[in-house]
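*Asks:* sharing a sequence plus its predicted fold:
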Number of protein chains: 2
Amino acid sequence: MNSKIRFLKEQLKSLNLEGMIISNPINISYLIGIDKSSEGTLLITKKEVIYITDSRYIEAVNNVITIDDEIIVTDVRNISKEEYENFFMFCENVGFEEDYVTYSEYKRIMHTYKVNNLVETEKLIEKQRVIKTEEEIELTRKACELTDDCFKHLLKFIKKGLTEKQIALEIEKYFKENGADDISFEPIVASGKNSSMPHAVPTDKKIESGDIITIDFGCIYKGYCSDMTRTIFVDYVKEEYKKVYDLVLKNQELTLKEYAEGKNSKVITQMVVNDFKINRFDLVHGLGHGTGLEIHELPFVNNRREHILKQNMIVTDEPGIYIPGQFGVRIEDTVLVGKSAGEPLTKSDKGYVVI
Amino acid sequence: MNSKIRFLKEQLKSLNLEGMIISNPINISYLIGIDKSSEGTLLITKKEVIYITDSRYIEAVNNVITIDDEIIVTDVRNISKEEYENFFMFCENVGFEEDYVTYSEYKRIMHTYKVNNLVETEKLIEKQRVIKTEEEIELTRKACELTDDCFKHLLKFIKKGLTEKQIALEIEKYFKENGADDISFEPIVASGKNSSMPHAVPTDKKIESGDIITIDFGCIYKGYCSDMTRTIFVDYVKEEYKKVYDLVLKNQELTLKEYAEGKNSKVITQMVVNDFKINRFDLVHGLGHGTGLEIHELPFVNNRREHILKQNMIVTDEPGIYIPGQFGVRIEDTVLVGKSAGEPLTKSDKGYVVI
């Protein structure tokens, strides 16, 4: 049995759960290594681990799973009503994913399996996913390397007269042609005034001399996501931009140092909020978020909730300042939480980059 | 009040529901015309229609909604516990979307609103979406036109030596540069043996002389999806391909004639299944599916369930034959169901196309 499933089984035991019905394909992908797009249900029963899927995925799944995994893969059409009822026979408490399963699916589960008590598991597996294995870290490293390579390419590619949309499309093209599975989210390319919106969607605005450009992008490599933002300048850096850029960068680098074992995510965020306040700016979005099989996953770094950071979490560090109607600056790395400081996995230049 | 909401309110009345809580963003987009990516909840109460969203979307939503719509847009942060409880005060039965709402959300709804009886609505709005309005048909027409234009472009673009992946990327690039919102799904470009898999993912295989190529693709225009498949040939058409191609095309065109008011989707499918059987082939997937705000929506045309077709439904017509390890042929149009026959909205050539 693989170490991820072994860990989960220990957790179930400590929660007094005799099994679990796992429906979220991301969690199933995490536990048994199959593609995120596969559809099926993973059952952790007292004796066995069973993946129920359909003919579309059986072959692909069997290619990934080995005998050592001790996972039984079965076609949904070959399971009888009685077999469904036997899976959790004599079980008192069985967990399910209340944040993923729809109300109809919940009723279907109640109807299909014989379970006395279906128990909410409160993101049990999502919380397990927070600490990355060596293999997960390596895949994220590779996604981040591709992201740095893409940024290098962009610095040569971006020219005055190109539109934000054209640059966003080039990012997607670069990733798909250079070994990534896909982009990890729709790239943000926001130039001039557009950079004042944190979630700007690329427009037909053309790049002009004097522009500031925020580029927020990332890719997926063998399932794992990267996320990086750089804010760059065209021809020269206006004085008004420098003050804001320096303040954002200072806080981005301070945060990097704080991404260490035992640190409190809320306290780190408050530090940035305070430094922005002193300079009469606000932090209008979170300071960071976990990345992994999903582009946004636990832990979320903001000043609403506390998380204690642990080694081998992977979290973004992305302070930003946005002046409505004028411009904005955001600088972001994907960061591996370390023993005494964070290690940025994206490594592109953070000085003034002028193209 | 717009006609879609008026129709929904009449349906609620006939179901003895005094209101509805709508959570699915596609259904909300359909009813009030806002972007599918907006997050929020739409409440149909006895007196009012209220869209509860957050600061990220308020501005965009207010740009779309007019006074005539009689929709109250409000920020989630401005609603008190009492207001939530008042929305459905004295209501006996209120509908919710059991196929969209997670079990946790269901519990939150129960906790937040004062509702005696939360009632499952069994895809009420999805079923309403099946018959398209004139405006929806026009937008789909435009998406289909762009798809035909893209196909024309591809016939010039595709050359021996290009990979399936490069062609798939060109499709995406073409749509994004020519006015589409996005692709409606990841394009399938399957050449040679790869065409034998109905859901093939583009590979690094290069296009060669003698290849058969299945291209299944579509775009989104102002929210509405198109879907078209053409199977084309490189340099010449092998004799073995012709027999299968002709049989698929014959059935695709027969189906087109059957897509008319009052016809039964199961009977139409069975007709194709039978003709394939006589020729010793199987129809391994459905014959078609609705398209609209989603690429796959009701009605589904297959031989498992019966739907009676009605004018102004939009449904794909996509028979295919796949010979494992050898090759496959699929031909597909997006079709407007008519009074006496279907009207293909995608109009690209269906004869042997040799490049």
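*Replies:* Received it, and whenever you're ready, just let me know what you need.
*Asks:* show residues contacting the helix or strand of chain A with the lowest mean pLDDT.
*Replies:* Within chain A, no helix or strand scores below helix A:55-64, which has a mean of 81 by mean pLDDT, DSSP states H and E. Residues outside helix A:55-64 that contact it (C-beta atoms under 8 Å, 6 or more residues apart in numbering or on different chains): A:32-35, A:38-40, A:51, A:53, A:73, A:75, A:77, B:199. C-betas here are computed from N, CA, C, even on glycine.
*Asks:* repeat the analysis, applying 6 Å as the threshold.
*Replies:* Residues outside helix A:55-64 that contact it (C-beta atoms under 6 Å, 6 or more residues apart in numbering or on different chains): A:33-34, A:38, A:73, A:75.
*Asks:* go on, stretch A:138-151?
*Replies:* If you take C-beta under 6 Å, 6+ apart as the criterion, stretch A:138-151 is touched by A:174, A:180, A:218-219, A:221-222, A:224, A:226, A:228, A:314, A:334, A:345-348.
*Asks:* same deal with stretch A:75-88?
*Replies:* Stretch A:75-88 has contacts (C-beta under 6 Å, 6+ apart) with A:19, A:43, A:45, A:52, A:54, A:58, A:94, A:112-115.
*Asks:* 8 Å instead, please
*Replies:* A:18-19, A:40, A:43, A:45, A:50, A:52-55, A:58, A:94, A:112-115.
*Asks:* let me see the contact set for A:Phe281.
*Replies:* A:Phe281 makes contacts with A:244, A:247, A:321, as judged by C-beta under 8 Å, 6+ apart.
*Asks:* quick one: which of those is nearest chain B?
*Replies:* A:Ile321 (17.6 Å; C-beta to the nearest C-beta).
*Asks:* what does chain A put close to chain B?
*Replies:* A:56, A:96, A:98-107, A:120, A:165-166, A:169, A:172-173, A:176-177, A:199 (C-beta under 8 Å from any C-beta of the partner chain).
*Asks:* so which of these belong to helices?
*Replies:* With DSSP state H as the criterion, helices contain A:56, A:103-107, A:165-166, A:169, A:172-173, A:176-177 from among these.
*Asks:* closest to B:Asp204 out of those residues?
*Replies:* For those, the minimum distance to B:Asp204 (C-beta to C-beta) is 10.3 Å, reached by A:Glu177.
*Asks:* what's the local residue count around that closest one?
*Replies:* Number of residues near A:Glu177 (other C-beta atoms under 10 Å in any protein chain shown) recorded here: 12.
*Asks:* now do stretch A:124-142, average pLDDT.
*Replies:* The average pLDDT for stretch A:124-142 rounds to 98.
*Asks:* picking up where we left off before, emit the PyMOL select command for whichever of the contacts of stretch A:138-151 are buried.
*Replies:* To isolate the buried members of these in PyMOL, using 16 or more other C-beta atoms under 10 Å in any protein chain shown:
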select buried, chain A and resi 174+180+218+219+221+224+226+228+314+334+345+346+348
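*Asks:* ok, which pair from the contacts of stretch A:138-151 is furthest apart?
*Replies:* Most distant of these, by C-beta to C-beta, are A:Tyr174 and A:Ile314, 22.4 Å apart.
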